[in-house]
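Colleague: Mind folding the following:
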Amino acid sequence: MAHESFEDEEVAKLLNEHYVAIKVDREERPDIDHVYMTYCQALTGEGGWPLTVVMTPDGHPFFAGTYFPKTSRYGRPGLIDILQQLADKWANEGERIREASADITRRMQPIFAAAPATFEPRQAVDKAFEQLSARFDPEYGGFSDAPKFPSFHQLMFLLRYHRFTGDAEALTMATTTMNGIIRGGIHDHVGGGLSRYSTDALWRIPHFEKMLYDNALGVLTATELYQVTTDETYRTFIRRTMSYLSREMTSEEGAFYAAQDADSEGQEGRFYVWRPDEVEAALGEELAPLYCDFYDITEEGNFEGYSVPNRIDVDVASFAASNGLTADELWAKLDAANEVLLEWRAHRTPPGTDDKVLTAWNALMIAACAKAGAVLGDAEYIGNAVRAVSFVEEHLVRHDGRLLARYREGEAGILAYADDYAYLVWAYLELYQATLDAYYLRRAMHWQMRMNELFWDDEQGGYFLAGKDAERLIAAPKTAYDGATPSANSVAAYNLVRLYAITGEAHLAEQVDQLFAAFGEFLNEAPAEHLYLLMAGMLVEAGSTEVVFAEAHGDNEVAAFLECWHEVFAPEAVVLKPGARVSEAQVYPVEGGETTLYVCRHFACERPVHDWRTAIAHVRVNPPQLR
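Modeller: Predicted coordinates:
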C-alpha cells in the first residue's frame, strides 16, 4: 500500500483533503497496533498487516480492514472508493458515527481485559500437547499449512513437555520441525540467519525479510535442542546464525539492529537467489554441479526463475556416498563453497537494514547470546551479550530510570512496554545463569520490580501492555497470547518462577499465582495459543530444583562447573551461588574445606556433595514429573 497508494498523488490529495493521515510503526507502538488490530478482528473476523483503520478525532474506530488496492478489483473495494464514501458519510452522518463508534469502543472493553478463572495446569498442558499433535506436519514439521511461521515457543514447550512427561512424540515433533527449518530455504544456507516465514508448507520458499527476534528465538531453541540431543546440526546452525548476526546485524557499539528487508534491486529475494550459471561462475565447473545438486539450484528454478538454496529432501549420508565422499568430506566442500558464494554475494546490492535498536528484541538476542555462549562454551557469545546489555543500560534508560523502547542515530525515545521489561529480565537471568555473577541477578530483580510498579494491575492481576505513565488510549490491553514472540505476561511468569527459585522471596511466588488466575480462562480454553505461559505453569507443577555451588577458597572451579552444568537440559533447575538469597547467606557452607554442591528440590536440600559432576549427571537423568 505504501507504493501503490500512499505515494500516489490522487490518493494523497483525497487523504489530505478529508483526513488526518497517520502511519504507525507497529514495532515502536505495539500498544496502538494491538488495540486497533483487536478492533479489526472483532469487526471483520480477520486481521493482518497492513492494517487500515478510520477513526473519529476521539480515537474511536468505525471502519477497519487490511490491504486495500488503490482502485476496486477482484472483489476487493479500492482505497479511493472507501475514502470517498467514508468522507461523504462523515459529512452527512458525523454525529451518528461518533455515537456509534463510542458505543462500540465501550462494548469492546472486556476483550482487552484479563479472563480470570481457576487454572488447572496439568489438564491445560496435556490439552495443548494434544492440539499441537493434531496440527503437526509429520513430514516437514511445523503446525500449520502454508504459510508456515517458525513459532519457536512451540518447540520450547515441546522440549519441556518431553522433559517432564517422557513423551517421545514431543521430542520428535520438536526435532522434525527444527530440522525442517534448518534444511529449508527459510534458513539462509549461504550467509546464515532465518527469514520471517515460509510461503509454502515445505519451508522451501521464504518471505525473505529477516527479523532479529526470529533469529534470537531460533538460537535459543537450537541451543536447547543441542542440550537434549547433542546433535551437531544444532551447534552448526547456532554458529552460522551468530556469525550472520555479528556480520550484518550488529552496530559498532554492540547493539543489534531490528531487521533486514526482503527486497533489493526492486525484486523480492534477489539478493539471496541463484541460477546455475552464477554458481558455476563463482565455484568453477568441478564444484558447482555438486553444490547445485545438493542445494536444489536448477535451470527452471523454484522461485520466479531463480533458485532458493535448500536441502529439504536430501539425505546427507546417501548423497555423500553417491558422490564418493564421506559426510564430513561433503560438508567440508559445501562449507567452503558457501564461503565463496557469500563473498560473491557481497557484490550484489544488499537489502536495506532497519537499524533501529529495539529494547525488547535486543533483550531476546542478549538472552540467546548468553545461553548459547554458556552451552557451547563460547566466551565471545557471552561477551556479545554483555556489550549489548551495556548498550541498553547506557542508551535506553532515561535519567529518571525509565526504560525506553527504541534507539536510532543517537536518539532514544518511546516509553518501554511490558515486553521490553520482561525480556530484559529474561536477558539478565540468562547472563546470571551463564556466569553466576551476582550483578546480573541484581539487575534482573531491579527491572522486575520496576515492571511491577509500572505495569501490574493491582485489581485483577497481570501486566498491562503499556505503563501507567504512558499515553492513554481507548483501551488498556493485557496480553497473554503468544504471537511472533511470547507475550509479556508469559515471559514475566516464567521469570518470576525462576527468580523465586533463586532468591526464595515468597512475594514472587504469590505474584505468579495471581498471574495464572488472571488468565485462567484463556489457559483452560485455548492452551495452545498460550504456550509460554504454560511453560511457566509446568515449572510450578514440576517444582523447582536449586543447584547451589559453594566454592572453596582458592579452588577456582566455577568455570569447569558451569561448563559441565550447561550440558544439561534441565529447565526446572536454577544454578546459584551462596548469597543469592540475602537472608540465607550462610545456609550453604563449604564442607570440609572443599567445594560443595547442594541439590535442593522445593528448597529442601539433599546431602551436600563434593563430586559435583556426578550430582549434575543425577539431575540430568532424574527429571521431576508433572503432578
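Colleague: mind listing the strands for the stretch 151-300 of the chain?
Modeller: Ranges of strands within the stretch 151-300 of the chain are 197-198, 206-207, 210-211, 259-260, 263-264, 267-268, based on DSSP state E, counting those that start in this stretch.
Colleague: deepest of these, which one?
Modeller: strand 210-211 (a mean of 26; mean count of other CB atoms under 10 Å). Any C-beta I mention is one placed from the backbone N, CA and C, and that applies to glycine too.
Colleague: Could you list every helix and strand in contact with that strand?
Modeller: strand 259-260 (3 or more CB pairs under 8 Å, 6 or more residues apart in numbering; DSSP states H and E).
Colleague: and for the strand it packs on, what are the contacting residues?
Modeller: For strand 259-260, contacts defined as CB atoms under 8 Å, 6 or more residues apart in numbering pick out 209, 210, 211, 212, 248, 249, 351, 352, 353, 354.
Colleague: do stretch 497-514 as well
Modeller: Under CB under 8 Å, 6+ apart, the answer for stretch 497-514 is 425, 429, 432, 441, 444-445, 448, 452, 456, 461-462, 493, 496, 536, 539-540, 544-546, 574, 576, 580-584, 603.
Colleague: Which residues belonging to that stretch are considered buried?
Modeller: Residues of stretch 497-514 classed as buried: 497-505, 508-509, 511-512, 514 (neighbour count, 16 or more other CB atoms under 10 Å).
Colleague: sorry, back to before: now the buried members of the contacts of stretch 497-514.
Modeller: 425, 429, 432, 441, 444-445, 448, 452, 456, 461-462, 493, 496, 536, 539-540, 544-546, 574, 576, 580-581.
Colleague: picking that back up, export the strands of the stretch 151-300 of the chain to CSV and append columns for mean pLDDT.
Modeller: Shown next, in CSV, are the strands of the stretch 151-300 of the chain (pLDDT from 0 to 100):
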stretch, mean pLDDT
strand 197-198, 97
strand 206-207, 96
strand 210-211, 98
strand 259-260, 97
strand 263-264, 92
strand 267-268, 92
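Colleague: how about those in CSV, adding distance to residue 3?
Modeller: As requested, these are arranged in CSV below (distance: least, CB to CB, whole Å):
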stretch, distance to residue 3
strand 197-198, 21
strand 206-207, 17
strand 210-211, 21
strand 259-260, 18
strand 263-264, 11
strand 267-268, 13
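Colleague: Of these, which is nearest residue 239?
Modeller: strand 210-211 (17.1 Å; CB to CB).
Colleague: I'd assumed residue 415 was in contact with residue 469.
Modeller: Yes: between residue 469 and residue 415 there is a contact under CB atoms under 8 Å: 6.6 Å.
Colleague: So which of the two has more stuff around it?
Modeller: Neighbours per residue (other CB atoms under 10 Å) separate residue 469 from residue 415, with residue 415 holding more: 17 against 9.
Colleague: what's the closest non-adjacent residue to the more buried one?
Modeller: Nearest residue to residue 415, sequence neighbours excluded (CB to CB, 6 or more residues apart in numbering): residue 470, at 5.2 Å.
Colleague: tell me which element that neighbour falls in.
Modeller: Using DSSP states H and E, residue 470 falls within no helix or strand.
Colleague: any idea how far residue 29 is from it?
Modeller: As judged by CB to CB, to the nearest Å, residue 470 and residue 29 stand 10 Å apart.
Colleague: returning to what we had before: for the buried ones among the contacts of strand 259-260, write the corresponding ChimeraX selection.
Modeller: What follows is the ChimeraX syntax for the buried subset of the contacts of strand 259-260, where burial is set by 16+ other CB under 10 Å:
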select :209,210,211,212,248,249,351,354
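Colleague: And the contacts of strand 259-260, which is closest to residue 266?
Modeller: For these, the closest approach to residue 266 (CB to CB) belongs to residue 351, at 11.3 Å.
Colleague: can I assume that closest one is in contact with residue 264?
Modeller: Yes: in this structure residue 351 lies within contact range of residue 264 using CB under 8 Å: 4.5 Å.
Colleague: Find the residues that touch each one of these two.
Modeller: The contact sets of residue 351 and residue 264 overlap at residue 271 (CB under 8 Å, 6+ apart).
Colleague: Quick one: neighbours of residue 123, just the number.
Modeller: Residue 123, neighbours per other CB under 10 Å, totals 12.
Colleague: Same question for the one 4 residues further on.
Modeller: Taking other CB under 10 Å as the criterion, the count of residues near residue 127 is 18.
Colleague: how much space between it and residue 524?
Modeller: 8 Å.
Colleague: For this protein, give me the ranges with low pLDDT.
Modeller: Counting by pLDDT under 70, the chain has low-confidence residues at 582-586.
Colleague: And it, split by domain according to the record?
Modeller: 2-112, 121-264+354-542, 272-347, 545-621 (automatic domain parsing).
Colleague: Throw those into a markdown table and include distance to residue 627, thanks.
Modeller: Shown next, in a markdown table, are those (distance: least, CB to CB, whole Å):
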| stretch | distance to residue 627 |
| --- | --- |
| domain 2-112 | 33 |
| domain 121-264+354-542 | 5 |
| domain 272-347 | 41 |
| domain 545-621 | 12 |
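Colleague: Kindly compare burial across these and name the winner.
Modeller: Highest mean neighbour count of those: domain 121-264+354-542, a mean of 21 (counted as mean count of other CB under 10 Å).
Colleague: Tell me which other helices or strands the longest helix along the chain touches.
Modeller: Criterion DSSP state H: the longest helix present in the chain is helix 79-112. When contacts are defined as 3+ CB pairs under 8 Å, 6+ apart, helix 79-112 sits against helix 9-18, helix 30-44, strand 52-55, strand 61-65.
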